[in-house]
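1. sequence-free structure coming up:
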């Protein structure tokens, strides 16, 4: 079971058995259940529904900063009709803007982009996203999401964790906890980043919160070594590294016997995973095996960082059994120069998004991979500033996200904002409803995926959430 290292042979039989009762037992149960290193066995509650789930994994395309719904997927002709006029006071009554002064009704601002119905379903998509629009019949567009959080960091936390406060587990961590990994040589939860840095990306955005730390997202860097400190020091061969890991495991096991701290068990697993990743990760991020046709589909160069390259890496990751891949694309916070900035942001993502959906589909992966697209909120249908430097403020009152792939209805547009695109008016969804629906697609009852912490049972959907049946197959 352990290395032949002399120090390792000193471990007592009772030490091994004591440790196995706490951390090897759940691993064995998980393996027997076919769910990897973390599963419902971790918390003693089977959160899975009966039957086979449609989706096995998730790719979450997060547009950090907040894309404008009224310039991408939420077509509002009234904005052109009332362009430059004060928005009716009743629409903005009791509304707090993040940066627009509230001493007078702000002015309506039309979208400078043309909208057209795309696909057989006639989904409205602006000319900012022509290639994504070409995939309209794969999209399930939700135009009626809403929240009450208008600042970036708490809003990102809400979309990721179901709570605006820092410290809760993210969706990827919950899925790692509830479903485990399909590939023991890779993390269950990986994060990739791209874009123009206007707000910081906080580590809490991929945190495991109060879940065991092995469920935390692993950030892959866009240049250089994908994971820091993954390579062994010069002159250290694999057998030597294996002996070192075995010794550390033995020492941690002895400590665990004394204090029974579950984080020590998690640390043992993390060392083992890191050792296995040393051989797995380099081939995972090496695009040499991709055909010229595939690289051209995404529009990537093998070694040049980009959102499109991250999309290709995400496909490779889910193909290798990574449970949750989240792509953060920064630069969407367009308070000024929206016309310039959103055009650049959309050009940078459009081809990669369409290629990802196409590539997943032709490889038979789209049916079992749920793809999400959106940001922490939308942007106001009224102007912030004027002249060529106009922009749009933060807007949580009604905004758009879309899903595609595993378990959702393709070619559907659900819900609507009011005529000005301001408030979610028809079939409102809150974030807990979105999370409940995502978990449903993965075969999980959101009410039963729980973790007891400080005397209370927590879940991704807190005390709310409903599965929106009109969105799922």
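-> Yes, it's here. Nothing here was measured: the structure is a model prediction, and the numbers come from that model.

2. against residue 159, how distant is residue 396?
-> Distance, residue 396 to residue 159, using CB to CB, to the nearest Å: 10 Å. All C-beta atoms are positioned from the backbone trio N, CA, C, and that covers glycine.

3. looking at these two, which is more packed in?
-> Between residue 396 and residue 159, counting by other CB atoms under 10 Å, residue 159 is the more crowded of the two (26 against 21).

4. confirm that that one sits in a helix.
-> Yes: read with DSSP: H, G, I helix; E, B strand; the rest coil, residue 159 is one of the residues of a helix.

5. my guess is it contacts residue 432. True?
-> No: taking contacts as CB atoms under 8 Å, residue 159 lies outside contact range of residue 432: 11.0 Å.

6. roughly how far does residue 87 sit from residue 123?
-> Using CB to CB, we find residue 87 at a distance of 26 Å from residue 123.

7. which residue comes closest to residue 78 once chain neighbours are left out?
-> Closest residue to residue 78 apart from its sequence neighbours, by CB to CB, 6 or more residues apart in numbering: residue 419 at 4.3 Å.

8. so the one you found sits against residue 81, correct?
-> No: applying CB under 8 Å, one finds residue 419 not in contact with residue 81, separated by 9.1 Å.

9. please point out which parts of stretch 410-427 sit buried.
-> Using 16 or more other CB atoms under 10 Å as the test for burial, stretch 410-427 gives 410-425.

10. just give me how far it sits from the chain centre.
-> Put simply, stretch 410-427 sits 23 Å off its chain's centre (CA atoms, centre = their mean, to the nearest Å).

11. next one: stretch 310-318
-> Stretch 310-318 has its C-alpha centroid displaced from the chain centroid by 13 Å (CA atoms, centre = their mean).

12. with stretch 246-264 instead?
-> Worked out by CA atoms, centre = their mean, stretch 246-264 lies 32 Å from the chain centre.

13. got it, and stretch 339-348?
-> For stretch 339-348, the distance to the chain centre is 22 Å (CA atoms, centre = their mean).

14. please identify the buried residues of that stretch?
-> 341-343, 345-346, 348.

15. narrow these to those in helices?
-> Among the buried residues of stretch 339-348, the residues falling in helices (DSSP state H) are 341-343, 345-346, 348.

16. about what we covered before: strands - which of the buried residues of stretch 410-427 land there?
-> Applying DSSP state E to those, the entries found in strands are 412-414, 416-417, 424-425.

17. please produce a markdown table containing these, extended by distance to residue 149.
-> Below are these laid out as a markdown table (distance: CB to CB, whole Å):
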| residue | distance to residue 149 |
| --- | --- |
| 412 | 26 |
| 413 | 25 |
| 414 | 22 |
| 416 | 21 |
| 417 | 17 |
| 424 | 14 |
| 425 | 19 |
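
18. tell me where the stretch 301-450 of the chain has helices.
-> 307-319, 338-362, 431-441 (DSSP state H, counting those that start in this stretch).

19. point out where the stretch 1-150 of the chain drops to low pLDDT.
-> Along the stretch 1-150 of the chain, the parts satisfying pLDDT under 70 run over 1-46, 49-51.

20. follow-up on the earlier one: any chance of JSON lines for the helices of the stretch 301-450 of the chain, columns mean pLDDT and distance to residue 55?
-> Shown next, in JSON lines, are these (pLDDT from 0 to 100; distance: least, CB to CB, whole Å):
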{"stretch": "helix 307-319", "mean pLDDT": "98", "distance to residue 55": "10"}
{"stretch": "helix 338-362", "mean pLDDT": "98", "distance to residue 55": "12"}
{"stretch": "helix 431-441", "mean pLDDT": "98", "distance to residue 55": "5"}
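
21. distance to residue 472 for those - can I get that in a markdown table?
-> Putting those into a markdown table (distance: least, CB to CB, whole Å) gives the following:
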| stretch | distance to residue 472 |
| --- | --- |
| helix 307-319 | 20 |
| helix 338-362 | 18 |
| helix 431-441 | 6 |
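
22. looking at the ones you listed, spot the one closest to residue 77.
-> Ranking the helices of the stretch 301-450 of the chain by their distance to residue 77 (criterion: CB to CB) puts helix 338-362 first, at 18.9 Å.
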